[in-house]
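Engineer: Only the shape, not the letters, is given here:
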């Protein structure tokens with residue numbers, strides 16, 4: 001098992017290193033939230049290109065737990081990565097001035113995700129670096145992400161890993177215990193929990209998705225049917241925008 005984890009770490013770091021080299025980029029930019037996914041992605045990026053070539057941004061809102069900032073500071077200190085903190089509440093408040101603005105959790109959550117990604121790309125453009133995503137396979141397959149928000153990136157180094165595999169890597173990378181043990185949350189509102197919002201635990205999701213993938217995406221039982229429905233409804237988040245354009249240029 002340890003050999004498999006070590007090999008996976010090397011494979012991912014090579015992916016990041018090759019992407020940076022191929023693009024002629026100076027390094028990578030990554031948003032760190034205090035959660036295990038971004039912590040693992042940050043550690044892998046640091047191993048790939050060194051801490052000096054990693055820009056870490058912590059982009060809190062009023063609903064971000066104070067403990068997340070402390071965890072991010074400790075993680076970046078351990079990895080030798082410079083951390084920049086940019087609160088996004090002022091930007092979100094500006095949206096509230098839009099006539100007819102709907103101030104509900106889903107609207108605000110999507111705006112937060114897209115605002116954070118806009119800031120990541122601003123810094124990437126400014127420094128000649130690539131945006132490194134932090135999406136895992138479990139959430140990506142069921143669509144638990146914001147289109148052009150947290151699912152946007154130049155590199156997605158952990159997108160092929162189920163949530164349970166993220167935790168295995170976190171242990172191997174010696175991610176701080178406070179990050180590994182905390183309840184997964186997008187921090188969309190006080191007390192928000194990913195599993196409560198989804199309505200299914202991560203172990204259940206991983207098990208159902210692995211079974212579906214193994215059996216040609218044919219559901220067996222109520223849970224798998226429910227998970228398969230999530231996968232189908234979120235297909236638009238994983239494919240290019242529908243269009244009628246051909247790939248090859250037309251003859252002039």
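Structural biologist: The structure has been received and is ready for your questions. Worth saying up front: this structure is predicted, and the values here are computed from it rather than measured.

Engineer: which intervals of the stretch 151-252 of the chain have sub-threshold pLDDT?
Structural biologist: 248-252 (pLDDT under 70).

Engineer: ok, now with 80
Structural biologist: Along the stretch 151-252 of the chain, the parts satisfying pLDDT under 80 run over 186-192, 246-252.

Engineer: Which helix or which strand is home to the nearest residue to residue 173 once chain neighbours are set aside?
Structural biologist: Nearest non-adjacent residue to residue 173, counting by CB to CB, 6 or more residues apart in numbering: residue 43, 4.4 Å away. Where you see a C-beta, it was placed from the backbone N, CA and C, and this is true even at glycine. Assigned by DSSP states H and E, residue 43 belongs to helix 36-49.

Engineer: contacts for whichever helix or strand comes after that helix?
Structural biologist: Using DSSP H and E, the helix or strand that follows helix 36-49 in sequence is strand 54-58. Strand 54-58 is contacted by residues 27-34, 42, 45-46, 68-69, 72, 76, 79, 81-86, 119-120, 123-124, 127, 129 when judged by CB atoms under 8 Å, 6 or more residues apart in numbering.

Engineer: So for the helix or strand following strand 54-58, what gets flagged as buried?
Structural biologist: Counting by DSSP H and E, the next helix or strand C-terminal to strand 54-58 is helix 66-79. Residues of helix 66-79 classed as buried by neighbour count (16 or more other CB atoms under 10 Å): 68, 69, 71, 72, 75, 76, 79.

Engineer: export the residues you listed to a markdown table and tack on pLDDT and distance to residue 13?
Structural biologist: What follows is those, written out as a markdown table (pLDDT from 0 to 100; distance: CB to CB, whole Å):
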| residue | pLDDT | distance to residue 13 |
| --- | --- | --- |
| 68 | 95 | 25 |
| 69 | 95 | 27 |
| 71 | 97 | 23 |
| 72 | 98 | 21 |
| 75 | 98 | 17 |
| 76 | 98 | 18 |
| 79 | 97 | 13 |
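
Engineer: Among the residues you listed, which one sits closest to residue 219?
Structural biologist: Closest to residue 219 out of these is residue 68 (36.0 Å), distances taken as CB to CB.

Engineer: thinking again about what came up before, mind checking how far the helix holding residue 43 is from the chain centre?
Structural biologist: In terms of CA atoms, centre = their mean, to the nearest Å, the centre of helix 36-49 is found 11 Å from the chain centre.

Engineer: Over that helix, what's the mean pLDDT, rounded is fine.
Structural biologist: For helix 36-49, mean pLDDT rounds to 98.

Engineer: Mind giving me the packing neighbours of it?
Structural biologist: Helices and strands touching helix 36-49, by 3 or more CB pairs under 8 Å, 6 or more residues apart in numbering; DSSP states H and E, are helix 2-23, strand 28-31, strand 54-58, helix 66-79, helix 163-172, helix 177-181.

Engineer: one more time with 6 Å
Structural biologist: Other helices and strands packing on helix 36-49, by 3 or more CB pairs under 6 Å, 6 or more residues apart in numbering; DSSP states H and E, are helix 2-23, strand 28-31, helix 163-172, helix 177-181.

Engineer: of all those, which lies closest to residue 146?
Structural biologist: Once these are compared by CB to CB, strand 28-31 is nearest, at 12.5 Å.

Engineer: what's next to that closest one, contact-wise?
Structural biologist: Outside strand 28-31, the residues that touch it by CB atoms under 6 Å, 6 or more residues apart in numbering are 42, 45, 54-57, 59, 116, 120, 123-124, 129-132.

Engineer: do the same with stretch 189-201
Structural biologist: So stretch 189-201 is contacted by 63, 105, 183, 184, 185 (CB under 6 Å, 6+ apart).
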